[in-house]
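A.B. asks: need coordinates for the below:
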Amino acid sequence: MHITVWGNRKPLEREMWENTQDGTPGSWFRVTIPCGIQYDKTWLMNSIQSHCSVPFTPVDFHFVKNGARFFVQEATTASALMDVSYKICDKESRKVCIPVFVSRSDVPYSVRYKLKPEEMEQLKLTLIKRFNVSKQALDLQRLCVDPDLVGHDIDIILNRRNSMAATLQIIKKNFPELLSLNLSSNKLYQLDGLSDIIQMAPTVKILNLSKNKLKSVWELSKMKGLKLEELWLQGNPLCGTFPDWSTYVRAIRECFPKLLRLDGQELPSPVTVDVDTPYVVKPCKGSYFGSDELKSLVLQFLQQYYLIHDCGDRQGLVGAYHEEACFSLTIPFHPEDPAPSSLCKYFKDSRNMKKLKDPHLRVQLLKHKKRVIVHTLCVLPKTQHDFSSFVVDMWFQTETMLCFSVSGVFKEVEGSSQGCVRAFTRTFIATPASYSSLCIVNDELFVRDASPSETQSVFSIPVPTPTSSSMHTLSQEQQDIMQASSTRPEVNL
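C.D. replies: The predicted structure is shown next:
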């Protein structure tokens, strides 16, 4: 963490050591971290503390715009904070260069207007009256006009950090298992003080902030880390800043990923990944077809397609595609190795959307029209597919369209990569064609290097080669195509 100090350091240090009596100018110092909101509050403060030569207690920590701010009182502490420069690393042990500004300050507001003991006692009694023991719920709706507080001339305005801090202190001490907190109708326009709820009331699952003055979701980000399951925001100006419900939900869930209800409406279960728990991918359950009729149709189609594909001349595949069909090829994207040599023959045609930033190239690599597609297939390495490795999944079907994918392995049979085993996944969108066959409308091919286990098990069953004896498996249309192609001298039937 890089710490930058306003002005020349030596004159500032001399000023810091002057007037250290509590409440006098110069005894308090403001520490501002411009990018502090990007980091977890606990991690940030622990990181600063671990590299600071003297222990300190941050006072009035809060977020400002995109940054974070807190106060310290002793000049020795302020001076020590200036020495933390470049000493803080992130979780991957990389340097985090964040400017941190240290400057003199007046007494913080929360200290200047700290509640007196008798006021804290009355606030505690008021909160206890509003607490529902059976539901572990605390109702602080319209707290500022509570007769028990107004009658004792106590101003509890929750926009003020001293009021919110005092409230959270009482909650932590008296309601340690609080589940529901209602802060509606308190004219809240910022949540600086409420950021401490993560430490003071971490058990809260239901939070009601409705009918307040919150204008931006950024205010909610100050409470990131609170594991909310239900949130109420209706009646705040921020609700009108979203074009639709889905955008609204997505923005709120960026702050609270485990949210199940928003403004009283059930939300779809969040998709979360527990990175701390090892996850084993379940083994494939085998092919899924939906019906025996579809199984027969698709398997016949795949056998015909790959017999022609592997025969040496792929021009015969022209009849398998619709005139306006599309095809795309993708190989894995590795940032450190954008053109892996093992797949270099596939790289120039790869349309990996993580790699491609040029919109014109994205269009260019989407092969359109069947003869362009087949020409692209013809320049790819010659292959031999292992039919015994195929796993087929039927995932959508209508009377006029069939969507299915096939995964398996193949090996290259010529050139410098001869014998190399590849794994592939191919997704077809097809329409019915003559002779009870299929016509491909869209074809997406993904190729990668096969894993060791895939390489060891490859070609456990001999793969048939396209000969005259296999012609009976082809449709009449494909037989005609192959016969016509074989009249060319360079083509072997």
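A.B. asks: name the helices or strands packed onto whichever strand or helix holds Leu299?
C.D. replies: Taking DSSP states H and E as the criterion, Leu299 maps to helix 292-309. Contacts defined by 3 or more CB pairs under 8 Å, 6 or more residues apart in numbering; DSSP states H and E place helix 292-309 against strand 383-385, strand 391-397, strand 402-412, strand 437-449, helix 476-486. Quick note: C-beta positions are derived from backbone N, CA and C, even for glycine.
A.B. asks: please work out which of those is packed deepest.
C.D. replies: Compared across these, strand 402-412 shows the largest average neighbour count, a mean of 20 (mean count of other CB atoms under 10 Å).
A.B. asks: now do the buried residues in the helix holding Leu299.
C.D. replies: For helix 292-309, a neighbour-count test (16 or more other CB atoms under 10 Å) marks 294, 297-309 as buried.
A.B. asks: pretty sure Asn162 sits against Met120.
C.D. replies: No - using CB atoms under 8 Å, Asn162 makes no contact with Met120, being 11.0 Å away.
A.B. asks: of these two, who's got more company?
C.D. replies: Asn162 (20 against 15; other CB atoms under 10 Å).
A.B. asks: would you mind putting the buried residues of helix 292-309 into TSV with distance to Ser134 and pLDDT alongside?
C.D. replies: Output for the buried residues of helix 292-309, formatted as TSV (distance: CB to CB, whole Å; pLDDT from 0 to 100):
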residue	distance to Ser134	pLDDT
Leu294	57	83
Leu297	62	87
Val298	59	88
Leu299	62	89
Gln300	66	88
Phe301	64	90
Leu302	63	91
Gln303	67	89
Gln304	70	89
Tyr305	67	92
Tyr306	67	92
Leu307	72	90
Ile308	73	90
His309	69	91
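A.B. asks: mind listing the residues bridging to Thr383?
C.D. replies: Beta-bridge partners recorded for Thr383 (DSSP bridges): Glu412.
A.B. asks: swap in Thr32?
C.D. replies: In beta-bridge terms (that is, DSSP bridges), Thr32 pairs with Arg69, Phe101.
A.B. asks: and stretch 426-440, which residues are buried?
C.D. replies: Within stretch 426-440, the residues that count as buried by 16+ other CB under 10 Å are 426-430, 433, 437-440.
A.B. asks: again with stretch 253-265
C.D. replies: 253, 255-256, 259, 262-263.
A.B. asks: relative to Leu178, which of those is nearest.
C.D. replies: Of all the buried residues of stretch 253-265, Leu178 sits closest to Phe256, with 16.9 Å by CB to CB.
A.B. asks: name the nearest residue to that closest one, sequence neighbours excluded.
C.D. replies: Leu228 (4.4 Å; CB to CB, 6 or more residues apart in numbering).
A.B. asks: doesn't that neighbour belong to a strand?
C.D. replies: No - Leu228: not assigned to a strand; according to DSSP: H, G, I helix; E, B strand; the rest coil it is coil.
A.B. asks: next, give phi and psi for it.
C.D. replies: Here is the backbone geometry of Leu228 (degrees, to the nearest 10): phi -70, psi 140.
A.B. asks: what's the burial count for it?
C.D. replies: Applying other CB under 10 Å, we find 20 residues neighbouring Leu228.
A.B. asks: tell me how far it lies from Ile170.
C.D. replies: Remark: distance between Leu228 and Ile170 (CB to CB, to the nearest Å) = 21 Å.
A.B. asks: same thing with Glu414?
C.D. replies: 79 Å.
A.B. asks: give me the more crowded residue out of these two.
C.D. replies: Ile170 (20 against 11).
A.B. asks: tell me which element Met120 falls in.
C.D. replies: helix 117-129.
A.B. asks: buried residues, that helix. List them.
C.D. replies: For helix 117-129, by 16+ other CB under 10 Å, it's 119, 122-124, 126-127.
A.B. asks: any chance of JSON lines for the residues you listed, columns distance to Pro108 and pLDDT?
C.D. replies: What follows is those, written out as JSON lines (distance: CB to CB, whole Å; pLDDT from 0 to 100):
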{"residue": "Glu119", "distance to Pro108": "18", "pLDDT": "87"}
{"residue": "Gln122", "distance to Pro108": "23", "pLDDT": "92"}
{"residue": "Leu123", "distance to Pro108": "20", "pLDDT": "92"}
{"residue": "Lys124", "distance to Pro108": "23", "pLDDT": "92"}
{"residue": "Thr126", "distance to Pro108": "25", "pLDDT": "93"}
{"residue": "Leu127", "distance to Pro108": "24", "pLDDT": "93"}
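A.B. asks: where does the protein dip in pLDDT?
C.D. replies: 1-26, 65-66, 85-86, 89-100, 109-110, 270-286, 333-342, 353-362, 435-436, 457-493 (pLDDT under 70).
A.B. asks: picking that back up, ok, of the buried residues of stretch 253-265, which one's closest to Phe446?
C.D. replies: Distances from Phe446 to the buried residues of stretch 253-265, taken by CB to CB, are shortest for Arg253, at 30.0 Å.
A.B. asks: and the closest one, what element?
C.D. replies: Going by DSSP H and E, Arg253 is in helix 245-255.
A.B. asks: quick one: list the elements packing against the helix or strand following that helix.
C.D. replies: Next helix or strand after helix 245-255 toward the C-terminus (DSSP H and E): strand 261-262. Where contact means 3+ CB pairs under 8 Å, 6+ apart, strand 261-262 is packed against strand 230-232, helix 245-255.
A.B. asks: partner strands of the helix or strand following strand 261-262 and their direction?
C.D. replies: Scanning forward in sequence from strand 261-262 by DSSP H and E, the next helix or strand is strand 265-266. Paired neighbours of strand 265-266 in the sheet (DSSP bridges): strand 261-262 (antiparallel).
A.B. asks: show me where the stretch 101-250 of the chain has strands.
C.D. replies: 101-105, 131-132, 137-139, 180-182, 206-208, 230-232 (DSSP state E, counting those that start in this stretch).
A.B. asks: okay if I get the ones you listed as a markdown table plus mean neighbour count and distance to Leu380?
C.D. replies: A markdown table is the format used below for the strands of the stretch 101-250 of the chain (neighbours: other CB atoms under 10 Å; distance: least, CB to CB, whole Å):
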| stretch | mean neighbour count | distance to Leu380 |
| --- | --- | --- |
| strand 101-105 | 18 | 58 |
| strand 131-132 | 14 | 69 |
| strand 137-139 | 20 | 65 |
| strand 180-182 | 20 | 61 |
| strand 206-208 | 21 | 56 |
| strand 230-232 | 21 | 52 |
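A.B. asks: turn the ones you listed into JSON lines, columns for distance to Thr398.
C.D. replies: Output for those, formatted as JSON lines (distance: least, CB to CB, whole Å):
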{"stretch": "strand 101-105", "distance to Thr398": "63"}
{"stretch": "strand 131-132", "distance to Thr398": "54"}
{"stretch": "strand 137-139", "distance to Thr398": "51"}
{"stretch": "strand 180-182", "distance to Thr398": "48"}
{"stretch": "strand 206-208", "distance to Thr398": "44"}
{"stretch": "strand 230-232", "distance to Thr398": "40"}
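A.B. asks: closest to Phe29 out of these?
C.D. replies: strand 101-105 (5.8 Å).
A.B. asks: what packs against the closest one?
C.D. replies: Counting contacts by 3+ CB pairs under 8 Å, 6+ apart, strand 101-105 packs against strand 4-5, helix 9-16, strand 28-33.
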